[in-house]
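Asks: Output the structure for:
(one chain, ligands or ions: 1)
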Amino acid sequence: MEEEANGRLVIRIERRSVRRYTCSGCGRRTGRVRSTRDRTWDDLPWAAHHVTLLYRQRRIVCRHCGIRTERIEFADPKARVTRRLRQQIGVDCQSMPTSHAAVRHGVSWGKARRAENAFLAEWDRTRVKRQPRHIGLDEIQRGKGQRFWTVLSDVVHGEVIGLRQDRSEATATALLAEDLTGRQRSAITAVCTDMHRPYLNAVGTALQNAEIVFDKFHVLQHASAALDEVRRQEFFRSGAVMREHGRGKRWLLLRRWKTVRGSKRAELQALFVANRRLFKAYVLREQLDRLWTYKTRPGVLSFLMGWFKALRWQRLPEMERLGDFLLKHINGIAAFFDHAVRFGVVESINTTIKAVLRRARGMRDEEILLLKLKWATAHPIRSARDLMRFLTVQPQYSKR
Ligand SMILES: [Zn+2]
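Replies: Numbering: from 1, shown residues only. Have a look, this model is predicted:
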């Protein structure tokens, strides 16, 4: 054991009285050593010191594979950190930036990123494959004016399944065909999606037995967009005085009434006093929520007709357009009678994805982004016990 100038401890490890070494190719053991080479792995710290393991790795002559390196148990082939350090970096990276985790564990950024990738990939490979009845197909945008991605998710368990750039029909079809196994596809009864034509076509091609359900979350999103358009019409295109009134109220207005509290309520009410039509549009959006309390198709239809009637004489073309749009998609909206899609899950997946994207600004690598999304939505660590399971220190060698 020796200490380097930078405070790292270098620990040389040896395996005593071992004559046969395991081939990294096939796992057979042999005693024919061709050459040896000193290699290093970063390992868990000792006291205040970061630790580097130094081990003389053999290159062996395997009868089946030819010349191969010896398999070591504490690290993956080609990895520069031990498996147990990889584990800690991998878990840390899910709650802090890679650069922080790298500093914390005394490794370079690149090493930390590779460790994280390997950790997540192994977690994903070894967990149980689910067969959800309901899946979601959704678009996400990374920041304003940036390109779109299509996300495929399991809306029963609330987990991301796949991710592709772009939101075309070809992309969606590829996701459905390639990221789901045949068994998974045949288990699907409903696809929860926005009224985005390419997605509808893709579902029609790839999943003939599944029905489309337009979920509450997306329908209300369209309603909020219409409401926002009303706000723009009323405040921003009608002179400076009104514009001052409406400035900075967008988020307040888009929030649901039940989530607005205290002084914010008064602020919203003042806004409504200034403009009746905005108030009417707001009420119409709030009422739309009741659509999902109906249990029959005629019920939904008569609710929508009533909603339409309330629109009349209001001169709210944006809301009228929304109404036409909803009526056109009435079958998909009413499909929730037959498929108890968990709308809350759809919304929470969306929120989690946005949070991960915000944290992973500038992440170019699609593979690790998908793994991160899977981890974040699957919530594998929910309790202290889960954390222990992921952070349990594995022994360097098994007793073989
Ligand atoms: Zn071999």
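
Asks: The helix or strand containing Leu54 pairs with which strands, and in what direction?
Replies: Assigned by DSSP states H and E, Leu54 belongs to strand 49-62. Its sheet considered, strand 49-62 pairs with strand 9-13 (parallel), strand 33-46 (antiparallel), strand 66-69 (antiparallel) by DSSP bridges.

Asks: Relative to the ion, which of these is closest?
Replies: strand 66-69 (5.6 Å; C-beta to the ion). Placement of C-beta: from N, CA and C, glycine included.

Asks: In that closest one, which residues are buried?
Replies: Buried positions in strand 66-69, judged by neighbour count with 16 or more other C-beta atoms under 10 Å: 68-69.

Asks: what about the single nearest residue of the stretch 201-350 of the chain relative to the ion, neighbour count?
Replies: At 41.5 Å from the ion, Ala206 is the closest residue in the stretch 201-350 of the chain, using C-beta to the ion. Counted with other C-beta atoms under 10 Å, residues neighbouring Ala206 total 19.

Asks: Just to check, Val346 is in contact with Phe214?
Replies: No. The pair Val346 and Phe214 does not pass the contact test of C-beta atoms under 8 Å, sitting 10.7 Å apart.

Asks: shared neighbours of these two, anything?
Replies: Contact criterion C-beta atoms under 8 Å, 6 or more residues apart in numbering; residues shared by Val346 and Phe214: Cys192.

Asks: Next, the buried residues of stretch 131-151.
Replies: Going by neighbour count (16+ other C-beta under 10 Å), the buried part of stretch 131-151 is 132, 134-139, 142, 149-151.

Asks: go on, stretch 308-322?
Replies: Result for stretch 308-322 [16+ other C-beta under 10 Å]: buried residues 308, 311, 316, 318-319, 322.

Asks: Could I get those residues in CSV, plus columns for pLDDT, distance to the ion and secondary structure?
Replies: Shown next, in CSV, are the buried residues of stretch 308-322 (pLDDT from 0 to 100; distance: C-beta to the ion, whole Å; DSSP: H, G, I helix; E, B strand; the rest coil):
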residue, pLDDT, distance to the ion, secondary structure
Phe308, 84, 73, helix
Leu311, 81, 75, helix
Leu316, 85, 74, coil
Glu318, 86, 69, helix
Met319, 87, 71, helix
Leu322, 89, 66, helix
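
Asks: Farthest-apart pair in those residues, please.
Replies: Phe308 and Glu318 (14.1 Å; C-beta to C-beta).

Asks: residue contacts, the closest residue to Ala101 other than its chain neighbours?
Replies: Once flanking residues are discounted, Ala101 sits nearest to Asp92: 4.1 Å by C-beta to C-beta, 6 or more residues apart in numbering. The contact partners of Asp92, taken as C-beta under 8 Å, 6+ apart, are 100-101, 104-105.

Asks: Does Val160 belong to a helix, a strand or coil?
Replies: strand (DSSP: H, G, I helix; E, B strand; the rest coil).

Asks: since we're on it, how many residues are nearby?
Replies: Around Val160 there are 24 residues (other C-beta under 10 Å).

Asks: cool, and the one 3 residues further on?
Replies: The local packing of Leu163 (other C-beta under 10 Å) involves 21 other residues.

Asks: Secondary structure element holding it?
Replies: strand 159-165.

Asks: Please apply the same query to Ala79.
Replies: Applying DSSP H and E, one finds Ala79 in no helix or strand.

Asks: Might you list the low-confidence residue ranges for the protein?
Replies: Where the chain drops to pLDDT under 70, the residues are 1, 5, 143-145, 238, 361-363, 393-400.

Asks: who in it is up against the ion?
Replies: The chain comes close to the ion at residues 23, 25-26, 62, 64-65, as judged by C-beta under 5 Å from the ion.

Asks: Tell me the spacing between Asp76 and Asn6.
Replies: To Asn6, Asp76 is 26 Å away according to C-beta to C-beta, to the nearest Å.

Asks: The two: who's more crowded?
Replies: In terms of neighbours (other C-beta under 10 Å), Asp76 is the more surrounded of Asp76 and Asn6; the figures are 16 against 8.

Asks: tell me the SS of that one?
Replies: Quick answer, by three-state DSSP: Asp76 is coil.

Asks: In this structure it contacts Arg83, no?
Replies: Yes. At 6.7 Å, Asp76 counts as touching Arg83 under the criterion of C-beta under 8 Å.

Asks: in the stretch 101-250 of the chain, which spans are helices?
Replies: For the stretch 101-250 of the chain, the helices defined by DSSP state H, counting those that start in this stretch cover 109-126, 169-178, 182-187, 197-206, 216-231, 240-246, 250-254.

Asks: I'd like these as JSON lines, with distance to Ala384 appended.
Replies: Output for the helices of the stretch 101-250 of the chain, formatted as JSON lines (distance: least, C-beta to C-beta, whole Å):
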{"stretch": "helix 109-126", "distance to Ala384": "18"}
{"stretch": "helix 169-178", "distance to Ala384": "36"}
{"stretch": "helix 182-187", "distance to Ala384": "33"}
{"stretch": "helix 197-206", "distance to Ala384": "41"}
{"stretch": "helix 216-231", "distance to Ala384": "32"}
{"stretch": "helix 240-246", "distance to Ala384": "48"}
{"stretch": "helix 250-254", "distance to Ala384": "36"}
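
Asks: Out of these, the one nearest Glu267 is which?
Replies: That would be helix 250-254 among the helices of the stretch 101-250 of the chain, by C-beta to C-beta, at 6.4 Å.

Asks: Give me the helices and strands touching that closest one, please.
Replies: Packing partners of helix 250-254 (3 or more C-beta pairs under 8 Å, 6 or more residues apart in numbering; DSSP states H and E): helix 216-231, helix 263-274.
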